[in-house]
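# please find the sequence and the predicted model below.
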Amino acid sequence: MTPHADSPMDTSDSRSLAVQEAFTSFATNGFDETHIPGFGNRSHLRYTPEDELHDLVCVGFGPASLAIAVALHDALDGTDPSLDMPSLQNRPPRVAFLEKQPQFAWHAGMLLPGARMQITFMKDMATLRNPRSEFTFLNYLFQKDRLVEFTNLNTFLPQRVEYEDYMKWCACWFEEVVQYDQEVVKVMPERSPSGDGEIASFTVVSQNLQTGKMETRRTKHVVIAAGGRPNLPPPFPSNHPKVIHSSKFSYISTEILPDFQRPYNVAVVGNGQSAAEIFDFLHAHYPNARTWLLIKGGALRPSDDSPFVNEIFNPGRVESTFNRDPELRSCTIKEDRNTNYGVVRLNLIEHIYETLYLQRIRYGNSPEAEEQWPHRVMPHRCVTEVQDSPVVKGGIRLFVRDQSPLYLSDAPNAQEGSEILDVDAVFVATGYHRDLHETLLKDARHLMPGGDLKDAKWQVQRDYSVHFADKHVSEDAGVWLQGCCESTHGLSDTLLSILATRAGQMVKSIFGKSGDWDGIDALGYEELRN
Ligand SMILES: Cc1cc2nc3c(=O)[nH]c(=O)nc-3n(C[C@H](O)[C@H](O)[C@H](O)COP(=O)(O)OP(=O)(O)OC[C@H]3O[C@@H](n4cnc5c(N)ncnc54)[C@H](O)[C@@H]3O)c2cc1C
Ligand SMILES: NC(=O)c1ccc[n+]([C@@H]2O[C@H](COP(=O)([O-])OP(=O)(O)OC[C@H]3O[C@@H](n4cnc5c(N)ncnc54)[C@H](OP(=O)(O)O)[C@@H]3O)[C@@H](O)[C@H]2O)c1
């Protein structure tokens, strides 16, 4: 435990006094006071002017970066003995988080009514690393005065809307160090001024989405935690107003399907949780619509969240996964894919099955009647071509390969068929790519071990730091990747499962070795801590 953990940080009066003192010295440095949130929820991290060399710039402020902010706060707060680092006692870390969204939002395009978490709330931003942190989900409930009522829900799986609110609550503590509306476009290595050729820092270039202007921040360390970008595979066009990736569903569906009573025709593609949730939403909210869920396989399959299997998401499993023989690792990750990808929670599958079953009563149970059902799950389907529809105004025509006869026909030697679907909109729930770092780090490729080889991808070490060629990057600088290391660190990498512990490891990895900090106390840091 850090020494100041014993000090009276935990009384709100002493904190607000200390914070005000820190703030006074800060504001005189020319900081725009309007950016400072209310004192009630102010973390120990302080704003750093853009033109100062930063210790850390995080690209993206989603849950992965938020967990890092929380871990840094806990380290400064002294509530987490595992993060007791002398280097952090000298002066406040100069950090900034750059987020392209205008405010904190967690997959808001898929925030559908009733959608639940896929993971226990215990795997929040702090609990598994430091249950005494201020940032636990339970403390959030307590602060919001809902702790007792939440316990009556008798669940570990809150609705997504509540969990997003929890993360927004956490995020608002860090307003001072987060710049929203900043889209990072590249991360450039900078040579050391000493002339030894080593890279000593990085320049993070971002576009201010409000002004359109480019901004730069220099930093010793960069964390790239940009999440996934929508995968829109061929033949789906990327810029058609009626072909929408699931990640934008909530934003756009009511624009293109504005009348809930209209008999729209809508297709949904994919067999993961997103596709199933969208299909179910359309059924529930558009009672007169016809909806088709086109899936590659034979059936919607349940995600395996049984307890023995779930152990692959234990924080402690990352080590063995990383150290496993690469071929074996890739086999085991493939074997466990049905914990997360292309699968649906069992209760939603059961609900959808019941919805379809009710159509058997209302519209008939024969194969011919089934073809007329308003809501259908169509197995063994693959969209081969997308055109503008000649029959649905402003709509699209899907050409679909139908392999279901090969699997389901009673006749011998059945052949695959084809179908044409004319729809008002298609929602493409085909998952995400997690490779933005490859684009952002383009200007650093000459630093790859072996040089800039065609098709080479960035590799990370166990602590998520990018593997640069020996002696090309100074020891007190580097780039870390979060959420795109599944192939080396395992299936928990893209999820919330290990964020709290991983963020602690990141803080240690980045700040644990910087023992030679200058100890400047420009922000009244001592007052804040004592
Ligand atoms: C609908 C949905 C629900 C999910 N539910 C669960 C769940 O219940 N449990 C679970 O464990 N996992 C869930 N996941 C998985 C999800 O990956 C994690 O919950 C979590 O969002 C990962 O956090 P992250 O910070 O790595 O990525 P993200 O949440 O994607 O955050 C990345 C952030 O970086 C920002 N960004 C991207 N590019 C840039 C750029 N160039 N410049 C600046 N900012 C940028 C993005 O705007 C975003 O805010 C869900 C995923 C989806 C799509
Ligand atoms: N309520 C929630 O908490 C919630 C809601 C939604 C999503 N999520 C999470 O978000 C993550 C992503 O889920 P997701 O459903 O968006 O994506 P996903 O699990 O990656 O599923 C994408 C699906 O699209 C299919 N697909 C890919 N390319 C295709 C193509 N060309 N044609 C037809 N199908 C194609 C994939 O099939 P193959 O697998 O065969 O490639 C897969 O079934 C998961 O972690 C999930 O748990 C959570």
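That came through fine. Residues are numbered from 1 along each chain as shown. Ligands and ions are numbered 1, 2, ... in the order given.

# leaving out sequence neighbours, find the closest residue to the residue in the stretch 1-150 of the chain that ligand 1 sits nearest to.
As assessed by Cβ to the nearest ligand atom, ligand 1 sits closest to G62 within the stretch 1-150 of the chain, at 1.9 Å. The C-beta positions use only the backbone N, C-alpha and C, and glycine is treated the same way. Once flanking residues are discounted, G62 sits nearest to G227: 5.1 Å by Cβ to Cβ, 6 or more residues apart in numbering.

# ok, A108 next?
Nearest residue to A108 in three dimensions, chain neighbours excluded: S250, at 6.6 Å (Cβ to Cβ, 6+ apart).

# doesn't that neighbour fall inside a strand?
No. Read with DSSP: H, G, I helix; E, B strand; the rest coil, S250 is helix and lies in no strand.

# ligand 1 contacts on this protein?
Residues of the chain lying close to ligand 1 (Cβ under 6 Å from any ligand atom) are 59-65, 98-101, 106-107, 110, 117-119, 183-184, 225-228, 274, 436, 482-483, 494-497.

# ok, which of the residues you listed also contact ligand 2?
M110, M117, Q118, S274.

# where are the low-confidence patches of the chain?
1-40, 514-530 (pLDDT under 70).

# give me the domain ranges for it.
The record's domain split for the chain, according to automatic domain parsing, is 3-228+434-529, 231-303+342-430.

# which one, of these, ends up nearest to F313?
Nearest to F313 among those is domain 3-228+434-529 (4.0 Å), distances taken as Cβ to Cβ.

# helix, strand, or coil at the nearest residue to E370 once chain neighbours are set aside?
Distances taken as Cβ to Cβ, 6+ apart place R376 nearest to E370, at 7.2 Å, with adjacent residues excluded. Following three-state DSSP, R376 is assigned to strand.

# how about R376, what does it touch?
T291, W292, L293, L356, E370 (Cβ atoms under 8 Å, 6 or more residues apart in numbering).

# among those, name the buried ones.
Neighbour-count burial (16 or more other Cβ atoms under 10 Å) applied to these gives T291, W292, L293.

# which one of these is nearest ligand 2?
L293 (10.7 Å).

# backbone dihedrals for N365, both of them.
phi -110, psi 0 (degrees, to the nearest 10).

# ok, now which ones touch the residue nearest to A108?
A108, G109, M110, L111, L112 are the contacts of S250 under Cβ under 8 Å, 6+ apart.

# which phi and psi does the fourth one have?
Same thing as L111. phi -80, psi 80.

# can you tell me how far it sits from V204?
For L111, the distance to V204 (Cβ to Cβ, to the nearest Å) stands at 29 Å.

# count the residues that sit near E368.
When neighbours are counted by other Cβ atoms under 10 Å, E368 registers 7.

# and the strand or helix carrying it, what does it pack onto?
If you go by DSSP states H and E, E368 is part of helix 367-372. Judged by 3 or more Cβ pairs under 8 Å, 6 or more residues apart in numbering; DSSP states H and E, helix 367-372 is in contact with helix 346-363.

# in the helix it packs on, what's buried?
Of the residues in helix 346-363, those buried (16+ other Cβ under 10 Å) are L348, I349, I352, Q359.

# make TSV out of the residues you listed and add distance to ligand 2.
As requested, those are exported to TSV (distance: Cβ to the nearest ligand atom, whole Å):
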residue	distance to ligand 2
L348	9
I349	13
I352	14
Q359	24
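
# reformat the residues you listed as a markdown table; add distance to E327.
Output for the buried residues of helix 346-363, formatted as a markdown table (distance: Cβ to Cβ, whole Å):
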| residue | distance to E327 |
| --- | --- |
| L348 | 35 |
| I349 | 33 |
| I352 | 37 |
| Q359 | 47 |
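
# wait, which of those is closest to ligand 1?
Ligand 1 has its nearest neighbour among the buried residues of helix 346-363 in L348, at 12.8 Å by Cβ to the nearest ligand atom.

# ok, the closest one touching I278?
No. With contacts counted by Cβ atoms under 8 Å, L348 stays clear of I278, the gap being 11.2 Å.

# report the distance from the host helix or strand of H221 to the chain centre.
In this structure, H221 sits in strand 214-224 according to DSSP H and E. Averaging C-alpha positions (Cα atoms, centre = their mean, to the nearest Å) puts strand 214-224 20 Å from its chain's average.

# partners of that strand, with directions?
When pairing is defined by DSSP bridges, strand 214-224 lines up against strand 54-59 (parallel), strand 199-208 (antiparallel), strand 478-481 (parallel).

# would you put the C-alpha positions of the helix or strand containing A71 in PDB?
In the assignment (DSSP H and E), A71 maps to helix 63-77. Taking Å, rounded to 0.1, in the frame of the first residue of the first chain, the C-alpha atoms of helix 63-77 are listed here in PDB:
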ATOM      1  CA  PRO A  63     -13.700   0.400 -21.700                       C
ATOM      2  CA  ALA A  64     -10.100  -0.700 -22.200                       C
ATOM      3  CA  SER A  65      -8.700   2.800 -21.900                       C
ATOM      4  CA  LEU A  66     -11.200   3.700 -19.200                       C
ATOM      5  CA  ALA A  67      -9.900   0.700 -17.200                       C
ATOM      6  CA  ILE A  68      -6.400   2.100 -17.600                       C
ATOM      7  CA  ALA A  69      -7.600   5.500 -16.300                       C
ATOM      8  CA  VAL A  70      -9.200   3.800 -13.300                       C
ATOM      9  CA  ALA A  71      -6.000   1.800 -12.600                       C
ATOM     10  CA  LEU A  72      -3.900   5.000 -12.700                       C
ATOM     11  CA  HIS A  73      -6.400   6.700 -10.400                       C
ATOM     12  CA  ASP A  74      -6.300   3.700  -8.000                       C
ATOM     13  CA  ALA A  75      -2.500   3.700  -8.100                       C
ATOM     14  CA  LEU A  76      -2.400   7.400  -7.100                       C
ATOM     15  CA  ASP A  77      -5.100   6.900  -4.600                       C
END
